[in-house]
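> Predicted model and sequence follow; I will ask about them next.
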Amino acid sequence: MVQVEVQDKTSPVVYCPHDVTISCENHFNRDSLHLFGLPTYSDNCNVTMEEVDSFYINQCRTGYIDRYFIASNSFGKTVCRQRITIENDNHFTEIDINWPNDFDTTTCASNALLPGVLNDSIGYPIVNEDFCDLTGVSYVDDQFRFVSGSDACYKILRKWKIINWCNIKDVNGDPIIYTHTQIIKVNNTMHQQSNLDV
């Protein structure tokens, strides 16, 4: 009779699934990335497989995920990596903005002309952003009084500015800022009425 001790003298072999690139609009479960593939591995004897995921995704939902697959046995371990790159393939442009229309009004109260109290077509710009955009909207009002005796009280030039914080520079490194000037004319109906009564 012979007593034989069997030892595993080789490390396991592991092959990762191919690297992939996906859109930032794709939804996936961070706790289960099996839809992006599974590794194949082999060994002479028993092998233990472990997956470690590292996420490098910003607030714009772009970046990458590294999936490390670790195959190990009593002799050693072998590691491979799959990278999932997440890109924005539908960039935000000015055609995604519906600017508010110019308008005339007889309302002289300035708080009644704030964008938040106006209807959609003349209030705030309508921004058609997707999951991969992070837009900011701001405005500044320049007010101009008309000449005394005119049938208009004043005019507001509302200067709008929109920036997408997920894409703030163009290929030349210049800031990407979308601007528009909305014209609001406030008419003096009381002055018109007094002229008619004379």
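Received it, and whenever you're ready, just let me know what you need.

> Glu129 and Ile162 touch, don't they?
No: here Glu129 does not reach Ile162: they are 9.8 Å apart, not a contact under C-beta atoms under 8 Å. Heads up, the C-betas are built off the backbone N, CA and C, glycines and all.

> So for these two, which residues contact both of them?
Shared contacts of Glu129 and Ile162, defined by C-beta atoms under 8 Å, 6 or more residues apart in numbering, comprise Thr135.

> Comparing those two, which shows the higher neighbour count?
Shown here are Glu129 and Ile162; by other C-beta atoms under 10 Å, Ile162 has more neighbours (22 against 14).

> And the more buried one, how far from Thr135?
Computed as C-beta to C-beta, to the nearest Å, the Ile162 to Thr135 distance reads 6 Å.

> Please identify every residue contacting each of those two.
Taking C-beta under 8 Å, 6+ apart as the criterion, Ile162 and Thr135 both touch Val127.

> what residues are up against the most centrally placed residue in the chain?
Centroid-nearest residue in the chain, with C-alpha atoms, centre = their mean: Asp133, separated by 1.8 Å. Asp133 sits next to 60, 92, 164, 166-167 when contact means C-beta under 8 Å, 6+ apart.

> change it to 6 Å
92, 164, 166 (C-beta atoms under 6 Å, 6 or more residues apart in numbering).

> For the first one, what are phi and psi?
With angles defined as degrees, to the nearest 10, Phe92 shows backbone torsions of phi -70, psi 130.

> how about it, what does it touch?
Counting by C-beta under 6 Å, 6+ apart, Phe92 touches 133, 164.

> How much space separates it from His27?
Per C-beta to C-beta, Phe92 is found 20 Å from His27.

> Over to the second one?
Distance, Asn164 to His27, using C-beta to C-beta: 21 Å.

> hang on, the earlier thing: what helix or strand is the residue nearest to the centre of the chain located in?
Under the criterion DSSP states H and E, no helix or strand holds Asp133.

> residue ranges for the helices of the chain, please.
For the chain, the helices defined by DSSP state H occupy 189-197.

> Next, the buried residues of the longest strand belonging to it.
Assignment by DSSP state E gives strand 152-164 as the longest strand of the chain. Neighbour-count burial for strand 152-164 flags 152-154, 156, 158, 160, 162-164 (criterion: 16 or more other C-beta atoms under 10 Å).

> By pLDDT, rank those residues and give me the bottom one.
Ranked by pLDDT, the buried residues of strand 152-164 bottom out at Ala152, which has 64.
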